[in-house]
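Engineer: The following comprises the amino acid sequence and a computationally predicted model.
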Amino acid sequence: MTPPTPTESHEPPLARGEGVALWRQIAAALEEMIARGTLAPGERLPTEASLATQHGVNRHTARRALDSLAQRGLIRVEQGRGSFVAEDVVDYRLGPRTRFSELIRAQRREPEGRILWAREVPAEAAVAEALGLAPGAPVLAVERLGLADGRPVVLGLHHFPLPRFAAMAASLARGHGSITRALADCGVADYRRAWTRLTARMPTAEEAEQLQQARARPVMISEALTTDPEGRPIDHTLSRYAAGRVQIVIEDGAGAA
């Protein structure tokens, strides 16, 4: 299918030689179009080449204009697809009983979970300590991408102790992609977040690609431990949230540390 033609600007020509950098003028024109709704949330912006041709500048100048808007959260950059006007931010509530699908549906969005891979690995020191295991003990590592209305919002790396959760991989492979349902299949009908640590950093190339965001934008990091009703550790998770698309909300009793 041929992608839709990006909205073209009909702004006045750039003011040259007047002390305002050309990239700033292009960025300001696009920002104004976003503000007045000419460019709607989710709409694709003109490419660097189109902007360069339209304004009579080189592609580096056009790229700098787009980068400045991305860094301010006005647009998002998807690797290999282009730049889009940023949509409404998802409120991601971290509480004792955070459930991804329930949280997303509560905001009238459609949740989706994609299992990227699942394999047995030796527990690294931090994971082993959190799960109460010896360093190097076997755990099931699961990388899961959470989406809202088809847009990636969180990339989670889960670690489940073995052999207790040996059936987890088969449950996830059945296609539903739900950690909650897979835990239930393994005999854990309920679970709670014991603690959470929040930080931020720049994304790796792989994280930026999976979250469909520019590498120049940071990701929010949540390290968390989940326990069963008896208080036994069942899941150490490292979650990376797409900055500008997600707003972390800490609820009372979330166990932040």
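Structural biologist: On my side now, so go ahead. Nothing here was measured: the structure is a model prediction, and the numbers come from that model.
Engineer: and Pro96, how many residues sit next to it?
Structural biologist: Burial measure for Pro96: 14 neighbouring residues, criterion other CB atoms under 10 Å. In this view, the C-beta of every residue, glycine as well, is placed from N, C-alpha and C.
Engineer: For Ala118, see how far away it is.
Structural biologist: 26 Å (CB to CB, to the nearest Å).
Engineer: ok, what's across the strand from Phe160?
Structural biologist: Note on Phe160: beta-bridge partners by DSSP bridges are Leu140.
Engineer: Enumerate every residue touching it.
Structural biologist: Shown in contact with Phe160 (CB atoms under 8 Å, 6 or more residues apart in numbering): Val139, Leu140, Val142, Met168, Ile234, Asp235.
Engineer: at 6 Å instead, please
Structural biologist: By CB atoms under 6 Å, 6 or more residues apart in numbering, Phe160 lies in contact with Leu140, Met168, Asp235.
Engineer: Equivalent analysis for Ile26, please.
Structural biologist: Contacts of Ile26 were listed using CB under 6 Å, 6+ apart, and they are His55, Ala65.
Engineer: So it belongs to a strand, correct?
Structural biologist: No - counting by DSSP: H, G, I helix; E, B strand; the rest coil, Ile26 is located in no strand; its state is helix.
Engineer: do you know how far it is from Glu18?
Structural biologist: Separation of Ile26 from Glu18 (CB to CB): 14 Å.
Engineer: Switch the contacts of Phe160 over to TSV; also include distance to Ala49, pLDDT and neighbour count.
Structural biologist: Listed next are these as TSV, based on distance: CB to CB, whole Å; pLDDT from 0 to 100; neighbours: other CB atoms under 10 Å:
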residue	distance to Ala49	pLDDT	neighbour count
Leu140	46	98	22
Met168	47	94	22
Asp235	46	98	27
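Engineer: three-state assignment of the residue nearest to Thr227 when sequence neighbours are not counted?
Structural biologist: Leaving aside its sequence neighbours, Thr227 sits nearest to Ala194 (CB to CB, 6 or more residues apart in numbering; 4.8 Å). Classification of Ala194 by three-state DSSP places it in strand.
Engineer: Also Asp235?
Structural biologist: strand.
Engineer: Hmm, it is touching Thr226, no?
Structural biologist: Yes - applying CB atoms under 6 Å, one finds Asp235 in contact with Thr226, separated by 4.1 Å.
Engineer: For Gln14, give me its contacts.
Structural biologist: To be clear, residue 14 is Leu; Gln isn't right here. If a contact means CB under 6 Å, 6+ apart, then Leu14 has Leu22, Gln25, His55 as its contacts.
Engineer: For Gly113, give its distance to His158.
Structural biologist: Applying CB to CB, the value for Gly113 to His158 is 11 Å.
Engineer: For these two, indicate the residue with more neighbours.
Structural biologist: Per other CB under 10 Å, whichever of Gly113 and His158 has more neighbours is His158, with 25 against 21.
Engineer: Helix or strand: which one has that one?
Structural biologist: Assessed by DSSP states H and E, His158 sits inside strand 151-161.
Engineer: Of the contacts of Phe160, which is the nearest to Ala134?
Structural biologist: The nearest member of the contacts of Phe160 to Ala134, counting by CB to CB, is Leu140 at 16.1 Å.
Engineer: tell me the contacts of the closest one?
Structural biologist: Contacts of Leu140 (CB under 6 Å, 6+ apart): Glu120, Phe160, Leu162, Phe165, Met168.
Engineer: Tabulate the residues you listed (CSV), appending distance to Gly80.
Structural biologist: Below are the contacts of Leu140 laid out as CSV (distance: CB to CB, whole Å):
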residue, distance to Gly80
Glu120, 32
Phe160, 32
Leu162, 36
Phe165, 35
Met168, 32
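Engineer: Any idea which of those the model trusts least?
Structural biologist: Looking at the contacts of Leu140 by pLDDT, the weakest one is Met168, with 94.
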